[in-house]
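Enquirer: Let me see the structure of the following:
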Amino acid sequence: MEGIREYFEKTEGVGILATSDFSGQVNAAVYERPNFMDDDTVAFIMPDHLTHKDLGSNPHASYLFMESGGRANGVRLYLTRLKEEKDSETIGRLLERKHYTVPDAQKNRPLFLVYFHVDRTRKLIEDGEQP
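Expert: Residues are numbered from 1 along each chain as shown. You can find the predicted model right below:
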């Protein structure tokens, strides 16, 4: 995964985290760029919504990141959930580093830091594929 951390630090765009529950019902939600904890571990801060619930029964997810600029450039990360923390100091540090303020409606609700192993990465559009 050499260079992927730097890619996310320098590249603007939109990310979608896709999950499914134990029965295969698919969910997709807009998510921030991943927080790199080490070379093959990323984490996302999430409330206890459908994405978080899905990961309780199915640890696999996919993160699609499309770069700003109107072209079909970006990456896909294939992920497996490792662990999570609830309302941890790490969440506070990550939010502060990104200059993010929790909306008032979320302030009294728990936040989870969910860690994933990055199983595989791919370009958004592979060479030879049509956008």
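
Enquirer: In this structure residue 29 contacts residue 53, no?
Expert: No - the pair residue 29 / residue 53 is not scored as a contact, 11.5 Å apart, by C-beta atoms under 8 Å. C-beta coordinates here come from the backbone N, C-alpha and C atoms, glycine included.

Enquirer: ok, those two, which is more surrounded?
Expert: Legend: neighbour count by other C-beta atoms under 10 Å for residue 29 and residue 53, higher for residue 29 (16 against 12).

Enquirer: That one: which element?
Expert: strand 26-31 (DSSP states H and E).

Enquirer: and that strand, average pLDDT?
Expert: For strand 26-31, mean pLDDT rounds to 96.

Enquirer: Okay, now the sheet partners of that strand, with direction.
Expert: Strands that pair with strand 26-31, judged by DSSP bridges, come out as strand 13-20 (antiparallel).

Enquirer: what's the partner strand in contact with?
Expert: With contact meaning C-beta atoms under 8 Å, 6 or more residues apart in numbering, strand 13-20 is reached by 26-34, 44, 50-51, 54-55, 58, 60-68, 74.

Enquirer: What ranges does this structure have for its strands?
Expert: Remark: strands assigned in the chain by DSSP state E are 13-20, 26-31, 35-38, 41-47, 60-67, 74-86, 111-123.

Enquirer: now what about the second one, what contacts it?
Expert: Where contact means C-beta under 8 Å, 6+ apart, the residues beyond strand 26-31 that reach it are 14-21, 44, 46, 49-51, 54, 63.

Enquirer: Strand 60-67 and that one, what's the angle between them?
Expert: 40 degrees (axes from the mean of the first three to the mean of the last three C-alpha atoms, to 10 degrees).

Enquirer: Buried by neighbour count: which residues of strand 26-31 qualify?
Expert: For strand 26-31, burial by neighbour count (16 or more other C-beta atoms under 10 Å) applies to 29, 31.

Enquirer: 37 is where my numbering starts, stick with that
Expert: Right, with 37 as the first residue, what we last looked at is strand 62-67.

Enquirer: Distance from it to the middle of the chain?
Expert: Its chain's C-alpha centre and that of strand 62-67 lie 10 Å apart, by C-alpha atoms, centre = their mean, to the nearest Å.
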